[in-house]
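K.L.:
Pasting the sequence and the predicted model now:
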Amino acid sequence: MKKIQLFIIAILLSSTSVIAQSNATKRADKLFAKFQFVDAIEAYNKLVEKGEGSAYVYSRLAEANYNIFSTIEAEKWYAKAIEAGNAEPETLWKYSEMLKANGKYAASNVQMDKFAAMRPADERAVLYKANPDYLSKILDKGKKFNVQSLELNSTNSDFGGTLQDGKLYIT
């Protein structure tokens, strides 16, 4: 009987921490759901500053930074999320992508190996396993073209291209 009472008390205590976490993240979660990632990042960061960081909060910070392609911040928060217990396959894959975007190819491959072990049938894992060092092969080939600025370029952002006499001009 004592064991049953202890079990029930443990469940009740754990459920209150889940409710408290969802109440604490409610504002940030609403911003995230509305795709207001910059504001959501600010709200989640405030939770971390107050000592209310968790695998969930770190994961949301990572996802929000991933969505605005803030690769350094996303990498940092994915690492914290995984360290805090969120080792979901999609988290590992996105962490790998951010490591790769930041030029950390060996570390990216470590995460991709973990991802591939968890999801061997996933197309991304199959492609990775077929050619894990594809990026170094691409980088070894060097540049295929050389971009040069001309006197006719403005200081503003120029775009668009046209072919004339076999040459590509960007306007």
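P.N.:
Now that the structure is in, tell me what you want to look at. If you're wondering where the values come from, they're calculated on a predicted model, not measured in any experiment. Numbers count the residues shown, from 1 in each chain.
K.L.:
In this structure, where is pLDDT below threshold?
P.N.:
Counting by pLDDT under 70, the ranges of the chain that qualify are 1-21, 157-159, 171.
K.L.:
Show me the residue at the heart of it, geometrically.
P.N.:
Per Cα atoms, centre = their mean, the C-alpha nearest to the average position across the chain is that of residue 66, at 4.0 Å.
K.L.:
Could you give the number of residues near the closest residue to that residue other than its chain neighbours?
P.N.:
Sequence neighbours aside, residue 74 is the residue nearest to residue 66 in space, at 4.4 Å (criterion: Cβ to Cβ, 6 or more residues apart in numbering). Using the backbone N, CA and C atoms, a C-beta is placed for each residue, glycine as well. By the measure other Cβ atoms under 10 Å, the count of residues near residue 74 is 25.
K.L.:
Count the neighbours of residue 42 for me.
P.N.:
By the criterion of other Cβ under 10 Å, residue 42 has 13 neighbours.
K.L.:
how about residue 35, what does it touch?
P.N.:
residue 67 (Cβ atoms under 8 Å, 6 or more residues apart in numbering).
K.L.:
three-state assignment of it?
P.N.:
Of the three states, residue 35 takes coil under DSSP: H, G, I helix; E, B strand; the rest coil.
K.L.:
Likewise for residue 169?
P.N.:
The assignment at residue 169 comes out as strand when based on three-state DSSP.
K.L.:
Next, find the distance separating the spatially closest residue to it that is not a sequence neighbour from residue 78.
P.N.:
Once flanking residues are discounted, residue 169 sits nearest to residue 162: 5.4 Å by Cβ to Cβ, 6+ apart. As judged by Cβ to Cβ, to the nearest Å, residue 162 and residue 78 stand 42 Å apart.
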